[in-house]
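J.: 3D, please:
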Amino acid sequence: MPNLYIARQPIYDSGLNVIAYGLLYHNDDQNHAEFSGAPKTTYMAVNALLEIGLGNLLGRGHQAFISVAPPFLLDIYPMPFPKQQVVLELPENIVIDEEVIAACRRLAITGHTIALDNFVYRDALKPLLEIIHIAKIDVLMLGMEETRRQVEALKPFKIKLLAEKIESYEVLEQCKALGFEYFQGYFLARPNLIKPQRAPGIRLTALRTLSILQDPQAEIKDIEAIISQDVALSYKLLRYINSVSTSLTIKVDSIHQALIIAGTECIRLWSTLIVLSDISEKPHEIMTIALVRAKMCELLAEKVQLNKGFLFTIGLFSTLDALMDQPLQKILAHLPLSETTNDALLNYKGKAGEVLRAVLAYEEGVEMEEIKQLGLPLGTLSEAYLQAIQWADNNIRSLAPHPV
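T.: The predicted structure is shown next:
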């Protein structure tokens with residue numbers, strides 16, 4: 001994928017279940033990633049998505065919001081994806097003329113879903129509002145008062161509302177109250193500091209367990225000891241191993257046996273997933289975000305000559321504030337981590353901190369200069385990101401059919 005880098009951003013329903021992903025495109029002519037509808041970028045993105053496989057980027061059962069340039073909309077270039085798999089997103093700067101309106105009507109009749117990005121009401125949009133299915137409103141740019149006026153303007157039309165660029169849980173709740181059905185933004189990856197906290201003792205114990213599980217220097221006996229001390233974790237882990245290991249002829253009934261049969265790395269990962277799910281009441285997607293970050297950091301470790309386990313931990317622990325709804329500095333104060341680790345997580349110091357900063361920049365599609373400062377080709381980060389998504393989705397899915 002020369003000159004093009006793709007990231008995904010979750011779109012949630014009111015229950016915070018992921019129903020789709022918005023795809024961000026970037027090429028070397030741009031300084032930041034965006035939901036671009038430029039013809040060149042759309043053409044490059046479509047070719048890249050065909051190469052990657054849309055299903056590999058989306059996971060099962062999710063749609064992709066794809067910003068489309070006029071040549072695709074007008075069927076000069078056909079969109080080569082099933083209509084059930086994509087939402088065609090009209091960029092805000094598209095010229096609304098009779099040809100575009102006719103094209104949208106034709107697409108809607110044939111079963112395509114159409115969204116209008118960065119909606120701001122104007123009379124010229126009226127014919128289009130009779131056709132499209134979803135209006136995306138940038139609540140960060142407009143503010144809540146103007147957002148309320150835009151919602152009022154849309155009430156005569158049968159259009160679902162998507163609030164984009166939600167940065168906090170407070171704004172999320174305000175948007176729900178206004179009648180939005182879909183939500184997009186980075187609120188889930190940030191702590192909800194006004195939410196009642198769980199018992200701190202339980203969380204501290206879980207954090208200490210995580211710190212040992214993710215310590216690259218931990219020996220097998222240390223991992224066995226920390227898991228065995230937690231009766232609930234031991235029970236859930238053994239139940240999971242016995243439920244998925246259909247090829248085993250014997251029942252695994254001890255953590256020591258599990259470590260020998262499944263291997264240390266598998267036990268580390270499964271135990272980590274169980275602990276994270278226990279300490280957080282957040283939706284499933286925050287676990288995916290945590291694992292994508294961790295794996296992407298790990299995949300970049302060799303490129304910057306750092307320990308893979310160390311960078312995996314840096315990526316994973318970067319989400320602890322969102323998982324536990326507490327400031328990261330407060331959480332890290334309770335963990336026996338090195339100064340190097342804390343500096344990377346809190347201040348992006350050292351090479352590990354630079355990797356984490358680049359991973360976060362890629363995830364959020366901010367200025368590409370922050371990514372380039374790492375000194376790696378953008379294509380290297382893009383490849384690591386796509387591999388991390390597939391790895392995280394596969395591991396989350398493998399755990400899902402076997403409740404813990």
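J.: Quick one: neighbours of the spatially closest residue to residue 73 that is not a sequence neighbour, just the number.
T.: In space, and not counting its chain neighbours, residue 73 is closest to residue 103: 5.2 Å by C-beta to C-beta, 6 or more residues apart in numbering. The C-beta positions use only the backbone N, C-alpha and C, and glycine is treated the same way. Residues lying near residue 103 (other C-beta atoms under 10 Å) number 19.
J.: Can you tell me how far residue 103 is from residue 72?
T.: 10 Å (C-beta to C-beta, to the nearest Å).
J.: just residue 148 next, same as before
T.: Counting by C-beta to C-beta, the gap from residue 148 to residue 72 is 33 Å.
J.: Ok, residue 160 next?
T.: 22 Å.
J.: Tell me the helix or strand right after the lowest-mean-pLDDT helix or strand in the chain.
T.: Least confident element among the helices and strands of the chain, by mean pLDDT, DSSP states H and E: helix 39-52 (a mean of 68). Toward the C-terminus, helix 39-52 is succeeded by helix 54-58 as the next helix or strand (DSSP states H and E).
J.: Without its sequence neighbours, what residue ends up closest to residue 253?
T.: Residue 253's closest residue in space is residue 238 (C-beta to C-beta, 6+ apart), at 6.7 Å.
J.: tally of neighbours for the one you found?
T.: 18.
J.: again with residue 220
T.: 12.
J.: Enumerate every residue touching it.
T.: 259, 264 (C-beta atoms under 8 Å, 6 or more residues apart in numbering).
J.: Per-residue pLDDT of it, please?
T.: Among the per-residue scores, residue 220 holds a pLDDT of 91.
J.: what's the distance between the helix or strand that contains residue 383 and the middle of its chain?
T.: Following DSSP H and E, one finds residue 383 within helix 378-399. On the basis of C-alpha atoms, centre = their mean, to the nearest Å, helix 378-399 sits 11 Å off its chain's mean C-alpha point.
J.: Show me which residues of that helix are buried.
T.: 378, 381-393, 395-396, 399 (16 or more other C-beta atoms under 10 Å).
J.: picking that back up, between residue 160 and residue 72, who's got more neighbours?
T.: residue 72 (21 against 16).
J.: can you tell me the helix or strand for the more buried one?
T.: Assigned by DSSP H and E, residue 72 falls within helix 70-73.
J.: so what does that helix touch, helix or strand wise?
T.: helix 39-52, strand 86-90, helix 98-109 (3 or more C-beta pairs under 8 Å, 6 or more residues apart in numbering; DSSP states H and E).
J.: So which bits of that helix are buried?
T.: 70, 72-73.
J.: And the helices in the stretch 301-404 of the chain, which stretches?
T.: 308-317, 320-324, 328-332, 339-347, 350-364, 368-372, 378-399 (DSSP state H, counting those that start in this stretch).
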